[in-house]
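Undergrad: Could you look at this predicted model? Sequence included:
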Amino acid sequence: MKHILALIALLLFTSSSFAQNTSDTFGEGDHVIGLGLGVGGVFGFSGYDTQTPAFGIHYDYGFKELGMGGVIGLGGYLGRKGYDYDIVLPNGKYYDKWSITILGARGSFHYDLLKVDNLDTYGGAMLAFHILNSKNNLPSGYMYSRTYSSALYASLFAGMKYYFTDNVGAFLELGYGVSWATVGASFKF
């Protein structure tokens with residue numbers, strides 16, 4: 001996954017032979033909100049009985065149009081996902097619940113890489129605080145090995161938005177947010 005994201009980022013940032021006007025799909029002064037559901041998750045929580053869908057919302061503002069055809073975007077991200085695990089011990093049934101909320105600032109570079117009408121391709125980086133919450137009813141003295149904590153993370157992402165109208169579209173984004181892959185709807189205003 002990291003190699004694919006690195007390759008996409010490299011293509012987005014170094015390919016000058018594909019120059020075309022990006023402002024048709026994302027231009028200076030544009031505002032875009034994306035609402036999505038994701039698959040995969042952060043912190044490597046596997047083996048949990050249930051997981052809530054990963055929900056994410058991102059905002060992108062067209063900050064500066066560059067002469068080579070690209071647009072720099074600035075914005076934010078908010079995502080949330082939950083995990084539940086049931087533990088059966090000889091003395092009863094217990095639970096272990098985790099949730100992660102990600103709040104971040106992100107910068108993006110939008111570039112018409114594929115030259116497809118109504119398609120916005122982009123990549124970028126995010127600096128985000130991962131807020132981890134947990135609760136359980138485990139008995140006192142239960143040996144427990146999960147030791148996660150809230151922390152600040154940097155990550156990369158790449159994606160594409162296809163606009164069905166001037167203001168409404170769908171997007172696919174890969175990267176390290178609350179999920180590894182997110183699909184959803186985009187609204188430009």
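TA: Done, it's in. Numbering: from 1, shown residues only.

Undergrad: beta partners for the residue lying closest to residue 173 once chain neighbours are set aside?
TA: For residue 173, ignoring the flanking residues on the chain, the nearest one in space by Cβ to Cβ, 6 or more residues apart in numbering is residue 159 at 3.4 Å. The way it works is simple: take the backbone N, C-alpha and C, and place the C-beta from them, glycine included. For residue 159, the beta-bridge partners under DSSP bridges are residue 122, residue 173.

Undergrad: repeat for residue 50
TA: Residue 50 forms beta bridges with residue 84, as assigned by DSSP bridges.

Undergrad: Name the residues that touch stretch 125-139?
TA: 42-43, 77, 87, 89, 91-92, 94-107, 144, 146, 148-157, 175-177 (Cβ atoms under 8 Å, 6 or more residues apart in numbering).

Undergrad: how about a cut-off of 7 Å?
TA: 42, 77, 87, 91, 94-107, 144, 148-157 (Cβ atoms under 7 Å, 6 or more residues apart in numbering).

Undergrad: Dump the C-alpha coordinates for stretch 129-149 into PDB.
TA: Extracted C-alpha coordinates of stretch 129-149, given in PDB (Å, rounded to 0.1, in the frame of the first residue of the first chain):
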ATOM      1  CA  PHE A 129      -4.200  14.000  15.900                       C
ATOM      2  CA  HIS A 130      -5.600  10.500  16.500                       C
ATOM      3  CA  ILE A 131      -7.800  10.500  19.600                       C
ATOM      4  CA  LEU A 132      -8.200   7.100  21.000                       C
ATOM      5  CA  ASN A 133     -10.900   6.200  23.500                       C
ATOM      6  CA  SER A 134     -11.500   2.900  25.200                       C
ATOM      7  CA  LYS A 135     -13.800   1.300  27.800                       C
ATOM      8  CA  ASN A 136     -14.200  -2.200  29.100                       C
ATOM      9  CA  ASN A 137     -15.600  -4.100  31.900                       C
ATOM     10  CA  LEU A 138     -12.700  -6.500  32.300                       C
ATOM     11  CA  PRO A 139     -12.100  -7.900  35.700                       C
ATOM     12  CA  SER A 140      -9.400  -6.500  37.900                       C
ATOM     13  CA  GLY A 141      -6.000  -8.100  37.300                       C
ATOM     14  CA  TYR A 142      -7.000  -9.400  33.800                       C
ATOM     15  CA  MET A 143      -3.800  -9.600  31.700                       C
ATOM     16  CA  TYR A 144      -4.300  -7.200  28.800                       C
ATOM     17  CA  SER A 145      -1.800  -6.400  26.100                       C
ATOM     18  CA  ARG A 146      -3.300  -3.700  24.000                       C
ATOM     19  CA  THR A 147      -1.400  -0.500  24.700                       C
ATOM     20  CA  TYR A 148      -2.600   2.200  22.200                       C
ATOM     21  CA  SER A 149      -2.700   5.900  23.000                       C
END
